Structure formats: C-alpha cells, structure tokens
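Enquirer: show me how the following folds:
(one chain, ligands or ions: 1)
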Amino acid sequence: MSLEPFRSSDDYAAAYKASVENPELFWADISSHLKWQKPWDKVLQWDFTKPDINWFVGGKLNITENCLDRHLESRGDHTALIWEANEPKEKAKKYTYRQLHAEVCKFANVLKKNGIVKGDRVCLYMPMIPELAIATLACARIGAIHSVVFAGFSAQSVADRINDSNCKMVVTSDGLNRGAKQMSLKKLVDEALEQTTSVEKVIVFNHLDWDPEMKSGRDLWWHKEMADVSFWCPAEEMDSEDPLFILYTSGSTGKPKGVVHTCGGYSVYAEYSFKNVFQVQKDDIYWCTADIGWITGHTYLLYAPLMSGITTLMFEGVPTYPDAGRFWSVIDKHRVTLFYTAPTAIRALMACGLDHVLSYNLHTLRVLGTVGEPINEEAWHWYNMHVGKERCPIVDTWWQTETGGIMISAIAGLTPSKPSHAGLPLPGIQPVLLNGEGKEIEANNEEGYLAIKFPWPSMIRTTWGDHERCRLTYFSTYKNYYFTGDGAKRDENGLYRIIGRVDDVINVSGHRFGTAEIENAINQNKGVIESAVVGYPHDIKGQGIYAFVICDKLPENQEHVREEIYETVSSQIGRIAKPDKIQFVSGLPKTRSGKIMRRILRKVAEGEISALGDTSTLLDPTVVEEIIAGKL
Ligand code: WTA
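Expert: Model (predicted):
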C-alpha cells in the first residue's frame, strides 16, 4: 500500500511516523512513483561529516521522461504550459505535453549539434518565456548541467557564474520585457563574455526583434538552429547522483556559491512535496509567480508540476503592470486553481488597495501558497480574506535553494495553517532546534537555530568546484546536522515559525544577498574606504538594505556619491541588490581586534537605539553616537 498522497491528517501523521521509523522503506515507496530506466540498488548512503550523500544508489533515470514522456500516452493533449506575456493584449501561448516534448527534444538536438554532451555546463540567461523552460528541460534531456542565471543579474555576475563552472554555452535572448521596462540581455552577455574563455557558442532567441550584433562563429539564432532538427531525442541515462543543475546563491562570504542538485533525489522529492503540499488534482491550473532563475522556479514552476502532469503557468511580467490588478486578472483569465507567490508581492499589492482584487473573479482558486520569506500576519490575513475568500487553505512553505524542495509547510487543508507559521515538517523531514551549544531543544514554545538531522532526497550534495565550502557552510557548525542558517521558534503544538537568518544574509523581497557581497561592490566605488551592510525591516520588501559607508572624505554632494554607489552595485551584482539607504559615516563600530560590530549597526538601522547593549568594549565608542545622530 502506498503511503501517499496524503488525503487526511491521519494519513499525514501515519506517513510522518513511518518516515522516521524506517526512512529507507518510506522513500523506497515514494520513489516508486517515478519512471526509472534502471531501479536503484540501495535507497540511501550518507555521512554528514564529509558530507557524502547518495540517494537511490545505482538507479538510472531522466527527469524529462518523468516530466514529459510518461504523460504522452494518457495526457499528451493536455496543456502542459501556459505562457502569459508581459503585455495583457498579447495572446497567451499554450503547449500540450506532446508539443512541449517535441520542442524540448528539438532544442536538445540543437545542443548536441553544437557540441554539448552529458556533464557540460550550459548557462541560461533568459527572460520568462517558454524558451527558457524548453532550454532548461533540453539540458536535462541530454544530461548537460544547467546553470540558470536570473535575468536581473549584471554582466559581471553572469561572468562570475560562467567562470565558476566553466560553462561551454550560453542561451539568451535579444532582450526582455519587465513591466514598462525593457533590457538588452544579449548586450550583457557580450559584456560578460569579454571576461570568460570557456564559452564556445551563444544561442540567441529572437524575442523582441531587436537585431543585436551577432558574433560570427560564436552566436547562433535559436530559430535557425531549430529549423532542421528532429523532434525526437532519446533521454540520456542519468545516474541518480549525476548532477542535474547548479544554481548560484548567496551566503555570508563574498562570492555566491553554486549549489549542486542531483537527478534521482531531486526528482523524487520535487514531485512528492508538490503533490502533497498543494493537494494537486489532475485538472489543476497552477501558477507559481517565481522566476525560473530562482530555486522556486526550478522546482515548483517547472519540474514538479510537469512531473505531476498538470498545467503550469509562466508569466513574463510583473505584478503591477499595467496595473496592480495584473495577478488577479491572470488568475481570472486562465482559471487558476493553485497559486504560489511571495509575501513581498502580497504586501505590495495590498498597499494598492482592494479595488483591483475585487474587480476579478477568483472563485477557481483552491489553494494559496507563499514562499521565500516570513509572511507577516497582516499580509496573511489579507491574502486569506481577499484572495482566498476564506475558503482556500494557505501553505506557507519554508525551504531553501539548498534543500531543493519544501521542508516545512502545511499540507493544504490537512495540517494546521497558522498565520506567520510554516507549520509542521513534511514526512521525511526531521528538523530540530539547537541551542547555542548545539544541543537539541526538546520542548515546545522555544526558539533556536534550525537544523535538519537526517538526510532528505533533494538536499544539496556539494558546492560546485569547492566541496570544502559546502562542508564548512552547512555541515560544520553543528556536527552531524545540516545547518540552515535560519532561526526558528516552535509553538505549543510543534508548529515552526521561521524568524529569519542568523547569518550575514539579507532577504530582500525573498531574494538572498550576502552582506559581504554587497559591501565588496560598494567598496569598488572610487573614494569609498570601507562599508558595512545590514538588513532592516521594510514594509514591502521584508528586509531593506542599509549601508554604512566611509569615504576618504565626507562627500560634499552626498546624493551624487549615492548615485555612483547605486551604479557600482548595479553593475557588480544587479539592480535588485541596490541599497535602500546609504549613510556616510566617519567610522564604524569595531572591536579592538578590528571586527565590525554588526549587531550595533543592525539595531541602529532598525531604530532600536535603546537596545544597543554595551558599547564600552569598542575601539572608539564615540562613532556610535555619530552614527545614531546621522541615522536615515
Ligand atoms: C527564507 C527560497 C520564512 C529563509 C525557497 C531561508 C523563509 C531563505 C520561507 C532561503 C518561509 C524561505 N518563511 N522564511 N516560508 N521560505 N525563507 O534559497 O531565511 O532563495 O533560509 O530559497 O529564505 O532562500 P532561497
């Protein structure tokens, strides 16, 4: 008898118990839902100290067979993908499973024709258009490792990511639409490639008819390459532990790291978590608003919904274009049943008033989800009342790029959904709260560091090219635990509430940035000697970026220097990392050993001046007064 999908709270409880008592049996059962080219020999081999984690050992599969081929017979004519363009007037595009399969196979053949083989890295830097989904799946089809870079990152960031994993190819488009703005992506790729040597071919999709410069011998048009290839391409046989993709994410050190996910475990966990958390039904029309450039887009826009055989919707634009009713109009237009978005979007739309949301018919909605950052109670209630009309369960899903899939969340309608609480762990996930000494806190109503004590199939395997960094970041803080970097509280019923990061990572609108990464960018600005960046509460973004900056002399025209700093951060990282506030200071609070006391800066930025604590151990306590006096 199969343990899932769960259809009652008793099913959930029984599955949870089974997953802890005999994890291997539990996962063996769940893995049997997938199509394997060769069955695995052993469910799990693991050692967190190295870390060395192997799931479904010896098994062979291809995730695209699970996303596409296995539905062809029974649901080949069912819509797999709906694409809604930036402009509401533009007709939506639809692909059936059969059509998507053909496009993926064709592009897989284009990759092959251009020398890409299993294990090669391919960088995808594209707008939210169907071709991004097709290119991603095409890589997986032939076993090339995709590295999708969000199209809001700068040329420098693209270059860094290409170089870190030696990508052999880039797939891009002439330009992109984002609301009222347009951007030339191809130009940024050209700029990035001046700093790289590994890229041999660039494939360019003609999205906006911009006629970009094409470098002969290197740059190729998507449509020309697709014109004469076959629409059948066999799915490469992939070992469970072969890498499926790299996705770069920020940590507390300066350089983003390439989180590596592998084929078997990721596939199993993506489908399992999705079907259960959202209580998916076969005719669901599901919309995840995340960009494929982030993990949410990978797992829950692309792979999991396709594995589940339902219709997934992909949207090119932004929530506020042409007006703040766009999300609701798209739900109405396409009769969306499951909707998954970020708290920051909910807060932004909430601030635009009720008229927009009340103008549309949202009665098709069945389940609402949130992801990426804590959701405040006010936004939760607004979402529940005005979007879900108090009849759609809300799943507040906690997880990370490194976890590959949802870890702690309500199971829609079955387990408790409490405002601002992610809730209970999914069966198979064993979270713990640790105290400062690394001891497990058993009691409820306590707060601690959130860690996971047993492996799960879609966990990070390594950081590309630097395994030691993976060990140090996630597996060394607490021996024999995966450390999440988050703080959390467990309520009297065992529901988890995520408090936020306890490391130097800021979560801006659900996007992670390391403070060091932003400081490095600011410090490149002429005249800047040193800087310190902290997060502070921001009404819409969740956290805003507050930068304290020391210049060689206090700038006469501060606005001018601020503009220059914005420019530097935009070109080093991307506009999304632009500081919200820049305060010029003559010094920073440092200990006698020279370490910046960020705790003090954080309190100042938060406006909690009375809670600064002891400042007498600082090298120069007077700088604190100056910083308080100049607070923005
Ligand atoms: C935060 C996004 C509170 C958390 C999937 C985590 C959340 C980081 C939630 C990972 C949530 C994510 N409630 N906080 N439901 N979901 N976070 O890698 O701090 O972009 O560590 O993955 O976002 O961000 P990432």
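Enquirer: show me the contacts for the closest residue to F475 other than its chain neighbours.
Expert: The shortest distance from F475 to any non-neighbouring residue, by C-beta to C-beta, 6 or more residues apart in numbering, is to P51 (4.8 Å). (Glycine included, C-beta is placed from N, CA and C.) Contact partners of P51, counting by C-beta atoms under 8 Å, 6 or more residues apart in numbering, are 461, 470-471, 474-475.
Enquirer: please redo it, this time with the cut-off set to 7 Å
Expert: Applying C-beta atoms under 7 Å, 6 or more residues apart in numbering to P51 gives the contacts 470-471, 475.
Enquirer: and the ligand, which of those residues contact it?
Expert: Here nothing survives when the contacts of P51 are matched to the ligand using C-beta under 6 Å from any ligand atom.
Enquirer: which one of those has the most neighbours?
Expert: C470 (22 neighbours; other C-beta atoms under 10 Å).
Enquirer: ok so that one is a strand residue?
Expert: No. Read with DSSP: H, G, I helix; E, B strand; the rest coil, C470 is helix and lies in no strand.
Enquirer: make sure L554 is indeed in a helix.
Expert: No. Assigned with three-state DSSP, L554 falls outside any helix and is coil.
Enquirer: which residue packs closest to it, ignoring adjacent ones?
Expert: Leaving aside its sequence neighbours, L554 sits nearest to F584 (C-beta to C-beta, 6+ apart; 5.8 Å).
Enquirer: number of residues surrounding that neighbour?
Expert: Counted with other C-beta under 10 Å, the neighbours of F584 add up to 19.
Enquirer: could I get the buried residue list for the lengthiest helix in the chain?
Expert: Counting by DSSP state H, the longest helix found in the chain is helix 97-113. Within helix 97-113, the residues scored as buried using 16 or more other C-beta atoms under 10 Å are 97-112.
Enquirer: and what about K94, helix, strand or coil?
Expert: Classification of K94 using three-state DSSP returns strand.
Enquirer: list the contacts for it?
Expert: Residues near K94 by C-beta under 7 Å, 6+ apart: 79, 82.
Enquirer: kindly report the same for V199.
Expert: The contact partners of V199, by C-beta under 7 Å, 6+ apart, come to 162, 167-170, 193.
Enquirer: from those residues, which land in helices?
Expert: When DSSP H is applied, these are split such that 162, 193 fall in helices.
Enquirer: ok, which pair from the contacts of V199 is furthest apart?
Expert: Using C-beta to C-beta, the contacts of V199 span at most 12.2 Å, a distance reached by K168 and L193.
Enquirer: which residue packs closest to V110, ignoring adjacent ones?
Expert: Excluding its sequence neighbours, the residue lying closest to V110 (C-beta to C-beta, 6+ apart) is E225, at 4.4 Å.
Enquirer: helix or strand for that neighbour, just tell me which one.
Expert: Taking DSSP states H and E as the criterion, E225 maps to helix 222-226.
Enquirer: what average pLDDT does the helix or strand that comes right after that helix get?
Expert: Scanning forward in sequence from helix 222-226 by DSSP H and E, the next helix or strand is strand 238-239. Average pLDDT, strand 238-239: 98.
Enquirer: and the chain, which residues reach the ligand?
Expert: Neighbours of the ligand within the chain, by C-beta under 6 Å from any ligand atom: 249, 294-296, 371-374, 396-401, 422, 484-486, 498, 500-501, 507, 512.
Enquirer: of these, which belong to strands?
Expert: Among the residues of the chain next to the ligand, the residues falling in strands (DSSP state E) are 249, 371, 396-397, 484-486, 498, 500-501, 507, 512.
Enquirer: how about those residues, which pair is most distant?
Expert: Among those, T249 and D396 lie farthest apart (C-beta to C-beta), at 20.7 Å.
Enquirer: quick one, which of the two is more surrounded?
Expert: D396 (26 against 20).
Enquirer: and that one, what are its bridge partners?
Expert: Note on D396: beta-bridge partners by DSSP bridges are T370.
Enquirer: so how far is the helix or strand in which L313 is found off the chain centroid?
Expert: Using DSSP H and E, L313 maps to strand 311-315. Its chain's C-alpha centre and that of strand 311-315 lie 17 Å apart, by C-alpha atoms, centre = their mean, to the nearest Å.
Enquirer: great, nothing more from me.
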